[in-house]
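# okay, predicted coordinates and the sequence, questions at the end:
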Amino acid sequence: MKGRGTIGVVASIAILSLLFGLWAFGQDESTTLEPEGSLSTHYRYSPFWTTLEECQTTILLHNNHTEDPLTVYSVLHLEDGTPVKLDHVEIAPLGMASIPVNETMAKLGFNETHFGGAVFHYKKKYGGALAVETMVINPNENLSYSVPSYGGVAESYGALTESESYKRRHREHALFRLPTDDTEVFFALFNSSNERIDVTAHLEIGGKSEQVAKVTLGPKQWKSVRLPRDLPAESSGKLTLGRKGLVGGVTLEYEGPKGALLSTGWVDDNEAGYSNMMSFVAESGLRGQKLYAAQVMLGEQHDVPEPGQTLNVESYLLVKNVTAQRVAAWAEFTYTQNGVVHSTPIKLGNLKPGEIQEVDLMKLRKRAEIPKDVTIGSVQVEHFGPSGALTGRIVSHSENLTYGFYVQMDNHGSGSISGAYWSLAGDMNSLLTVQNVGEEEDKVTIELAYNGGSFVLPVISLQPREARTLNLRALVAAGLTDQSGVPFPRHALEGGVPHHQQ
C-alpha cells in the first residue's frame, strides 16, 4: 500500500484501519540495515496460541516480498517455555501459508490442552518481509479472536540489543469496556526473552487501581489471567467487574529487556456470544500530542456483514492519561458528507493522572451534532501534555453483540503499510479504511496480495482529514475491477497488503 496506517483486525469481520499523513512511518523495529550482501535473522513473536478442543487456532503467515520467496522457521513454546519446533514453511512472493495449530500439535503427540507463545524467524538482508497473525475461533460460542504479532523485542534468542534498558521498569496499557454484566477480562503474557521477568498487573476502574496479579515468567514462558476468576484472595474488593457499561484498564509493569513482555487480551461473554480484543500498548512507544483512529462506525452499517444486510453499531471513545500530571485534552469526530469534510468537536477537558474517560459517540448523532445519515468517520485526540501522555482506543459492537470491533488509536501517519490481513473466506468480510491525517490532498494505492497474484485497486484521492471505507465483499459482489478494468479474481479469498515504500 502506498500513500501518505496502521492496522487493527478483529473477529469475524477483519478491520483494516490505515492512516496516511505527510510524514513517513518510522522503520519497523524488527528491521535492521545490514552491509551489502549480508543476511541477518529477523524475528516475529506471537503471544498466544491454544489447542483447546472447542477452539480452532490458525497461524497465518504472509510474505510481503513482491519478488523473493521466504523460508519461515516456527517454534511454538508451551506454558513452561518448552520449545516445539515445526517444519519450516516456504512462501511464494506475496503468498500466504497457514499453520493449523490443533492438528499440527496432535500429529506431534501433544494431545493434551496447551497454551503458549510463538517465535518465527527468517533470514533476509532487510526485515519487514514477514507478517504473522493468529486467528482463534470458537464456533460453538460464536467467539473469535485475532492476535497480532510483534517484532523488535530487545532480545533475539540471547543477544540483548538494548542492554542499557534492562534494569528499567516498563509499562503497558490496555483499555476495555464491558457491554454486559457477565463480560469477563482475559489477558495473556509471554516472555519473549531469555531472561526471567517479574510482571505485575493492575486493574483500574473509576480512578482507583489495585494489583490483581503478580507473575514470574522464565524464558519463553506463558501465563494468562482471567478476571474476575483470578482475583487474588487478599483483594480488597474495591474494584469489581460484572456491570454493564463498565469502563476500565489493565496496566502491566515489569523489569527486564525492553520489549521482552508480549501481551494480548480480550473481553468476552460466552452466553451472549460476544468477544472483543483488548490490545496492550507499551508506554515507551507513545509519543506526540495527537492520536488518530479511522473507521469509527455509528449506527446503520449497510452491506455488513453481507451485501443486503444491515448491522447497527455503537461506538465508544476511550482515552487514558498515563502520566502523573493533569493533561488538558480535546477531540473531534471527522466525517465526509456530499464530498465535503466536516468535524464535530468532542469535549474531554482535564484528565487526572491515570484517569480513563469514555465518550459515547452515538450520543453525538442523537444530539444532532452529527447528521443522522453519517454512519462512519474518524476521531482525532489532541492534548497539551508531555509527549505520549495519552493512549486511546475505539470500542465498537453491534447492538445484538454478535460482532465486536476495535481500533487502537495511533499517533502517526504512514507512507506505507504492510502485513495487514484480509479475508473473504467463508463468512468473513474485510472492511478497509484509509484516512489522510495530513493537511494536503493525497492519493493512495492499495494492493491486495493473494496466493498466485495480486490485485491493485483504483487509486483513491483523499482530501485533508478525509477517510474512505471499502467493504471488500460488497465491492466484489458489485463487480470490482482493478485499474485496468480486470475483475477481481473469484479464487482470491484471503491475503495480505504487501510492503511498499512511497
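That came in fine, so what should we check first?

# any low-confidence regions in this protein?
Judged against pLDDT under 70, the low-scoring parts of the chain cover residues 1-37, 152-167, 235-238, 412-420, 498-502.

# hey, where'd the helices end up in it?
Taking DSSP state H as the criterion, the chain carries its helices at 101-107, 362-366, 472-477.

# how about these, which one is nearest residue 291?
When the helices of the chain are compared for distance to residue 291 using C-beta to C-beta, the nearest one is helix 362-366, at 17.8 Å. C-beta: built from backbone N, CA, C; applies to glycine.

# now find how far off-centre that closest one is within its chain.
26 Å (C-alpha atoms, centre = their mean, to the nearest Å).

# so which bits of that helix are buried?
Within helix 362-366, the residues that qualify as buried by neighbour count (16 or more other C-beta atoms under 10 Å) are 362, 364, 365.

# swap in stretch 440-455?
Per 16+ other C-beta under 10 Å, stretch 440-455 contains these buried residues: 442, 444, 446, 447, 448, 449, 450, 451, 454, 455.

# what residues are bridge-paired with the second one?
In other words, residue 444. On DSSP bridges, the residues paired with residue 444 through beta bridges are residue 460.

# just the ones of the buried residues of stretch 440-455 in strands?
The subset of the buried residues of stretch 440-455 located in strands under the criterion DSSP state E comprises 442, 444, 447, 448, 449, 450, 454, 455.

# so which two of those residues are the farthest from each other?
Taking C-beta to C-beta as the measure, these reach their widest spread between 442 and 450, a distance of 26.0 Å.

# follow-up on the earlier one: of the buried residues of stretch 440-455, closest to residue 95?
The closest of the buried residues of stretch 440-455 to residue 95 turns out to be residue 451 (C-beta to C-beta; 4.8 Å).

# now do the contacts for that closest one.
92, 95, 96, 495 (C-beta atoms under 8 Å, 6 or more residues apart in numbering).

# are any of these buried, and if so which?
For the contacts of residue 451, burial is judged from neighbour counts taken by 16+ other C-beta under 10 Å, and it is met by 95, 96, 495.

# farthest-separated two in the buried residues of stretch 440-455?
The largest separation in the buried residues of stretch 440-455, counting by C-beta to C-beta, is between 442 and 451 at 30.4 Å.

# show me how the protein divides into domains.
The record, using automatic domain parsing to delimit domains, assigns the chain the ranges 40-151, 286-402.

# can I get those in a markdown table with distance to residue 232?
Written out in a markdown table, the entries for these read as follows (distance: least, C-beta to C-beta, whole Å):
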| stretch | distance to residue 232 |
| --- | --- |
| domain 40-151 | 20 |
| domain 286-402 | 21 |
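
# ok, which of these comes nearest residue 226?
Between residue 226 and those, the shortest separation by C-beta to C-beta is 11.9 Å, and it involves domain 40-151.

# please name the residues that touch residue 249.
173, 174, 175, 176, 203, 204, 205, 320, 356.

# and which of the buried residues of helix 362-366 is nearest to residue 214?
Proximity of the buried residues of helix 362-366 to residue 214, judged by C-beta to C-beta, is greatest for residue 362, which lies at 38.7 Å.

# so who does that closest one touch?
Applying C-beta under 8 Å, 6+ apart, we find residue 362 in contact with 298, 299, 314, 315.

# now residue 109: how far from residue 86?
13 Å (C-beta to C-beta, to the nearest Å).

# count of neighbours near the closest residue to residue 225 other than its chain neighbours?
Take residue 225 and drop its neighbours on the chain: the residue closest to it by C-beta to C-beta, 6 or more residues apart in numbering is residue 213, 4.8 Å away. Each residue near residue 213 was counted by other C-beta atoms under 10 Å, and the total is 20.

# perfect, I'm done here.
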